[in-house]
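>>> dropping a prediction and its sequence here:
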Amino acid sequence: MKNHPLQLFIVFLLFGFSTVYGQYTEVINSNKPGFSESPYSVGTGVYQFESSLFFRNVSVEPTFSRPQSLGFDMLFRTSFFLEKLELNVQASYQRDKIAFKNIFISDYSVNGIGRFTVGAKYLVYQQEYEDKSKEIRSWKRRMAFDYKRLIPSVAVYAGLNTDMVNDIYKTGSMSPKVGLLLQNNLSSDFNIVTNVFYDKIGTDFSEISYIVTGTYNFNDYWSGFVENQTVFLENQNNTNIGTGLAYLYSKNLQINASGRLLIEGNAQGFYGGFGVSYRIDTHKDSYKELDENGREATSTPISEYNKKQGGFFSRLFSIFKKKEGRKTNTRKRKRN
């Protein structure tokens, strides 16, 4: 009995919020080449792959360090149930150089999975903005800043770090990861994404991090970004400052490149990446009928039909009623 409130909440979440704002966009909307994550999902019926080749190099520090990495990173994103809910998997395979510095420097290399995380995010709040292009009575109002743009859209993230990784990345067990994802669209061409994460919770390697990314669309094809990320560890802080470009090759394909300055404790270095994002788009819109004033019509032949059909559960149980009715009719025909 104690689990009933939780069960009711899950049912309410899955079916009660089925009519929500759409997250789908006509062109691919990739998180790459930045490290931050937008609060918006890719939309139902979309299967998106965001990949990158990366090279990282920092100075060798005393005793043990990991000064160099070369690898491949992949993020898979999709939505099944709700437009606001996204499921994702992030993994990387890389070759790491492990160095030991005392009087002399010695090193060796290892290959393996560097990260394998399964997660989900849900858009809690979506900010809406005024369409200034329709303002024709006042030039001042048309050009005025919409202060609602200072209020971000908000999503929450929850994930699980698996321990199916290389020995140098193992934490001893699977561990949760939680985050808060924010986005401010300060104009139609400029937005700021802010992330705060608490990662590897419950392990000896737990960390808190933030990412702030500013992205500007130069035109319909080119966009650029600047980004700052800092990870707070027990013994040191790791910071990187990055910038890069993305090119929209087609509505389902994006190409990007980025570079970063790294400060990892006392070590300094650089990071470079080149990536491709691609989506398989099978999304289907749920159309809304509008009245003569451009507003959503509350009573239409379609809506009246849907009312007669009832909700999800009534339609589900009606299947069994129909089957039972067929069996009854069959018996009557046999009797005749």
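Structure received. Numbering: from 1, shown residues only.
>>> low-scoring stretches of the stretch 201-336 of the chain, by residue?
286-336 (pLDDT under 70).
>>> in it, which spans are strands?
For the stretch 201-336 of the chain, the strands defined by DSSP state E, counting those that start in this stretch cover 207-217, 222-232, 237-250, 253-264, 267-281.
>>> how about those in TSV, adding distance to Glu86 and mean neighbour count?
Backbone N, C-alpha and C define where each C-beta goes, glycine included. Shown next, in TSV, are the strands of the stretch 201-336 of the chain (distance: least, Cβ to Cβ, whole Å; neighbours: other Cβ atoms under 10 Å):
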stretch	distance to Glu86	mean neighbour count
strand 207-217	18	18
strand 222-232	21	17
strand 237-250	20	17
strand 253-264	18	18
strand 267-281	13	17
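>>> so which of these gets nearest Glu50?
Closest approach to Glu50 among these is made by strand 267-281 (4.4 Å; Cβ to Cβ).
>>> partner strands of the closest one and their direction?
Strand 267-281 pairs in its sheet with strand 46-58 (antiparallel), strand 253-264 (antiparallel), by DSSP bridges.
>>> mind checking which of those strands is nearest Ala120?
Closest of the strands paired with strand 267-281 to Ala120 is strand 46-58, at 14.5 Å (criterion: Cβ to Cβ).
>>> can you list the buried residues in the closest one?
By 16 or more other Cβ atoms under 10 Å, the buried positions in strand 46-58 come out as Val46, Gln48, Glu50, Ser52, Phe54, Arg56, Val58.
>>> closest to Ile168 among the residues you listed?
Nearest to Ile168 among those is Arg56, at 14.0 Å by Cβ to Cβ.
>>> check contacts around the closest one.
Gln68, Ser69, Leu70, Leu262, Gly269, Phe270, Tyr271 (Cβ atoms under 8 Å, 6 or more residues apart in numbering).
>>> quickly find the element holding the first one.
The secondary structure element spanning Gln68 is strand 63-78 (assigned by DSSP states H and E).
>>> ok, then the element right after that strand?
On the C-terminal side of strand 63-78, the closest following helix or strand by DSSP H and E is strand 85-101.
>>> just the buried positions in the next helix-or-strand element following that following strand, please.
Proceeding C-terminally, strand 85-101 gives way to strand 105-125 as the next helix or strand, assigned by DSSP H and E. By 16+ other Cβ under 10 Å, the buried positions in strand 105-125 come out as Gly112, Gly114, Arg115, Phe116, Thr117, Val118, Gly119, Lys121, Tyr122, Leu123.
>>> same deal with stretch 148-159?
Arg149, Pro152, Ser153, Val154, Ala155, Tyr157, Gly159.
>>> figure out which of the strands of the stretch 201-336 of the chain is closest to Phe104.
strand 267-281 (18.3 Å).
>>> please state the offset of the closest one from the chain centre?
Centroid separation for strand 267-281 versus its chain: 16 Å, with Cα atoms, centre = their mean, to the nearest Å.
>>> and for stretch 259-278?
Distance, centroid of stretch 259-278 to centroid of chain: 21 Å (Cα atoms, centre = their mean).
>>> and the contacts of it?
28, 30, 32-33, 48-61, 65, 67, 73, 235-244, 252-258.
>>> same check, this time on stretch 228-248
27-28, 30, 32-36, 205-212, 220-227, 254-266, 271, 273.
>>> pull up the distance across that stretch, start to finish.
24 Å (Cα to Cα, to the nearest Å).
>>> ok so, going back, ok, which of the strands paired with strand 267-281 comes nearest Met143?
So among the strands paired with strand 267-281, strand 253-264 is nearest, using Cβ to Cβ, at 31.5 Å.
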